[in-house]
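In: Predicted model and sequence follow; I will ask about them next.
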Amino acid sequence: MSNNDDKASVQTEKKKSRSLLSKGLSLSLLTLISRVLGLIREMTKSRFLGTSSLSDAFTNAFMIPNLFRRLFAENSVSVAFIPTFKGYLEEESGEDGKKRTQQFINSTFTLVTFSTVLFVTLGMIFTPWILRIFYKNQSAISEAAVLTRIMFPYLVVISIAAFFQGILNGLKIFSPSGFTPILFNSIVITATYLLAPLTKNPARAMAIGVISGGSVQCLFQLPFVLKNGWKISFTSLKNAFTNPGTKKVLLLIGPTIIGMAGYQVNDLVSSALATRAGTGVVSSLQYSLRLQELILGICAVTIGTVILPDLTGFVKKQLWADFNSMLAAAIKIMTLISIPITFYGIVMGDSLITLVYASGKFDASSIKQTTAVFHFHIAGLLFIALNRILGPAFYAQSDTKSPTLAGLINFGVNILLASLLVNKYEGKGIAFALTAASFVNTVMLFIFFRKNAFIETKKIIGGSILYAVKIALFSGLSIIPLILFKNKLLDIFAGHGRFISAGFPVAISVAVFAFCGIFLLVITKDSILKAALSKIRRR
């Protein structure tokens, strides 16, 4: 019987692993689709608004509710609500247990709704004063105030949506929440095209799309919550603030507010500096970052989704050799992806920007402004990508202080450099500041690894640097044909629509660059490429 029990246990674990992998892959696919639609949303914005003052107004107006969603939405749910809710599910049993859990849900829902509605009401009242952070000229505030007041309530609906997501994720249901960003982006894009002819300007049409999309994000998840036996209703404020579960949630949120405040101040100062630097600067930065985020998302989805659970398991079992091996391999994979993309982005950035954004109000001036910013953003791709790998390595050790401290240093460097460089270099200075700060963040994370004697920090750093030098050399050699023949390639397809004049050169140059790079990896028998090909053959 014992052997049969062991076999049954093994089969159960295999089924759980397959189920987890399936959910992870499904969520990764949804995330990737969402990022692509997010880029299309920016393409829509570029078509209707370009890099005009109206585009800047929309960018700042949308940024304001997004700044605070970390406190009321992502931060609260991931750090505080989900662990507390899962504790209720595991520890409370029977009718009384379900009743206490339901009271906790009602109290949290009441607290989230009350706090966000109060905050948004005050924010809408004081919108003109808030916008003075961004604008020197009082006359420029007028349209930005209208857009901000249309979109400020987005904070309420997205916070409630995050609350519903927390319930579903606590129940190990991920797909509905993963699908909602797809709905959001689709609605914003559709609303902009449909409502632009009916509103005073396209920015207002897009703002209406934002609040509509956020509302759908919220309402879409509600049936799934109700289907799983949980009701959503209000309770008194006294009950909401005195409920043991909500007290625990508030205590858990407290320590993370410092890190979150750093993010907020960083975004706020960067956007204010960009807006004051001139028309179109903040918009060009946003367009560039969105393209970079799509590229980064491809890396993060394929690697970041799977690394944290494995690293956590190695730490619990004290398998430090496996931990070091996986971390080193993950760093090399990110290096192999990021460095070639950086080289290609610097040489072909103008064609990429043209292909993605050049239509409508996004003219030659917008292309030039955004490309200049993109060159400095893409230069930091490796460091931003590595931070997505190094962060989980600390979380796997239950160490949240080290990445938080590194993040605060990052923000300080970013704000300092952006402030020093923005007057002379405008958007390029702000983009360079982000890249430099990301580099400092990476260095600090590697330094903090030295606190753990089991992590072979010197070996990992040494191996990573040597591999990075190798990939940079290969990328440099592979980019030479593009540098030599880029202008001739562009001349061949010039004079047609952007999908031909920019699309064909991008496709051909990617193929040539990839062929040269892979050829060099094959002849040098690159270990990462060999491992990838081996896995493909086994499948």
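Out: Now that the structure is in, tell me what you want to look at.

In: CA only for contacts and neighbour counts going forward, please
Out: Noted.

In: tell me the mean pLDDT for the host helix or strand of V36?
Out: Taking DSSP states H and E as the definition, V36 sits inside helix 2-49. Helix 2-49 shows an average pLDDT of 67 in the prediction.

In: ok, now stretch 382-400?
Out: Averaged across stretch 382-400, the pLDDT comes to 80.

In: quick thing: my sequence starts at 885, can you match it?
Out: Done: numbering now begins at 885, and the last item shifts to stretch 1266-1284.

In: follow-up on the earlier one: please name every helix or strand in contact with the helix or strand following the helix holding V920.
Out: Next helix or strand after helix 886-933 toward the C-terminus (DSSP H and E): helix 937-953. Where contact means 3 or more Cα pairs under 8 Å, 6 or more residues apart in numbering; DSSP states H and E, helix 937-953 is packed against helix 1025-1035, helix 1038-1054, helix 1086-1111, helix 1141-1161, helix 1165-1200.

In: so which of the ones you listed is the most packed in?
Out: helix 1038-1054 (a mean of 24; mean count of other Cα atoms under 10 Å).

In: hey, C-alpha coordinates of that one in PDB?
Out: Provided in PDB are the C-alpha atoms of helix 1038-1054 (Å, rounded to 0.1, in the frame of the first residue of the first chain):
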ATOM      1  CA  TYR A1038     -10.400  55.300 -13.400                       C
ATOM      2  CA  LEU A1039      -8.500  54.900 -10.100                       C
ATOM      3  CA  VAL A1040     -11.800  53.800  -8.400                       C
ATOM      4  CA  VAL A1041     -12.800  51.100 -11.000                       C
ATOM      5  CA  ILE A1042      -9.200  49.800 -11.500                       C
ATOM      6  CA  SER A1043      -8.800  49.400  -7.700                       C
ATOM      7  CA  ILE A1044     -12.000  47.500  -7.400                       C
ATOM      8  CA  ALA A1045     -10.900  45.400 -10.400                       C
ATOM      9  CA  ALA A1046      -7.600  44.600  -8.700                       C
ATOM     10  CA  PHE A1047      -9.600  43.600  -5.600                       C
ATOM     11  CA  PHE A1048     -11.700  41.200  -7.700                       C
ATOM     12  CA  GLN A1049      -8.400  39.900  -9.200                       C
ATOM     13  CA  GLY A1050      -7.100  39.300  -5.700                       C
ATOM     14  CA  ILE A1051     -10.000  37.100  -4.800                       C
ATOM     15  CA  LEU A1052      -9.700  35.100  -8.100                       C
ATOM     16  CA  ASN A1053      -5.900  34.700  -7.800                       C
ATOM     17  CA  GLY A1054      -6.400  33.600  -4.200                       C
END
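
In: quick one: least confident helix or strand in this protein?
Out: helix 959-960 (a mean of 62; mean pLDDT, DSSP states H and E).

In: these two touch, right, V1001 and I1042?
Out: No - look at V1001 against I1042 with Cα atoms under 8 Å: they stay out of range, at 11.8 Å.

In: what's the overlap in contacts for these two?
Out: Shared contacts of V1001 and I1042, defined by Cα atoms under 8 Å, 6 or more residues apart in numbering, are absent.

In: Which strands or helices does the one helix or strand I1392 maps to pack on?
Out: Element membership for I1392 (DSSP H and E) is helix 1387-1407. With contacts defined as 3+ Cα pairs under 8 Å, 6+ apart, helix 1387-1407 has these neighbours: helix 1204-1241, helix 1341-1377.

In: Next, count neighbours for G1360.
Out: G1360: 16 surrounding residues under other Cα atoms under 10 Å.

In: Oops, could you answer that again for A1075 instead?
Out: 21.

In: what kind of secondary structure is it in?
Out: What DSSP: H, G, I helix; E, B strand; the rest coil gives for A1075 is helix.

In: Contacts only, for it.
Out: Here A1075 is in contact with A1089, M1090, I1092, G1093 (Cα under 8 Å, 6+ apart).

In: isn't the first one right up against I1071?
Out: Just to be clear, that refers to A1089. No - the criterion here is Cα under 8 Å, and A1089 misses it with I1071 at 11.1 Å.

In: Can you say which two of the contacts of A1075 are spatially most distant?
Out: Greatest spacing in the contacts of A1075, by Cα to Cα: A1089 and G1093 (6.3 Å).

In: Surely F1332 touches S1286?
Out: Yes - F1332 is in contact with S1286 according to Cα under 8 Å; the separation is 6.5 Å.

In: neighbour-wise, which of the two wins?
Out: Counted by other Cα under 10 Å, F1332 and S1286 do not tie: S1286 has more neighbours, with 18 against 15.

In: Low-confidence stretches in the stretch 1085-1234 of the chain?
Out: For the stretch 1085-1234 of the chain, applying pLDDT under 70 flags the ranges 1138-1148, 1181-1197.

In: K1245: what secondary structure?
Out: coil.

In: For it, which non-adjacent residue is spatially closest?
Out: Here the nearest residue to K1245 in space, its sequence neighbours aside, is G934; by Cα to Cα, 6 or more residues apart in numbering that works out to 4.5 Å.

In: OK, contacts around the closest residue to S1096 other than its chain neighbours?
Out: Leaving aside its chain neighbours, S1096 sits nearest to I1071 (7.2 Å; criterion: Cα to Cα, 6+ apart). By Cα under 8 Å, 6+ apart, the residues touching I1071 are G1093, V1094, S1096, G1097.

In: what does T935 give?
Out: Contacts of T935 by Cα under 8 Å, 6+ apart are T1163, G1164, V1165, S1167, S1168, K1245, F1246, S1250.

In: any residues in contact with both of A1089 and G1093?
Out: Common neighbours of A1089 and G1093 (Cα under 8 Å, 6+ apart) are A1075, T1076.

In: check contacts around the residue nearest to E1310 when sequence neighbours are not counted.
Out: Nearest residue to E1310 in three dimensions, chain neighbours excluded: A1161, at 5.7 Å (Cα to Cα, 6+ apart). Each residue near A1161 by Cα under 8 Å, 6+ apart is listed here: V1306, N1307, E1310, G1311.

In: separation between A1161 and I1025?
Out: 16 Å (Cα to Cα, to the nearest Å).
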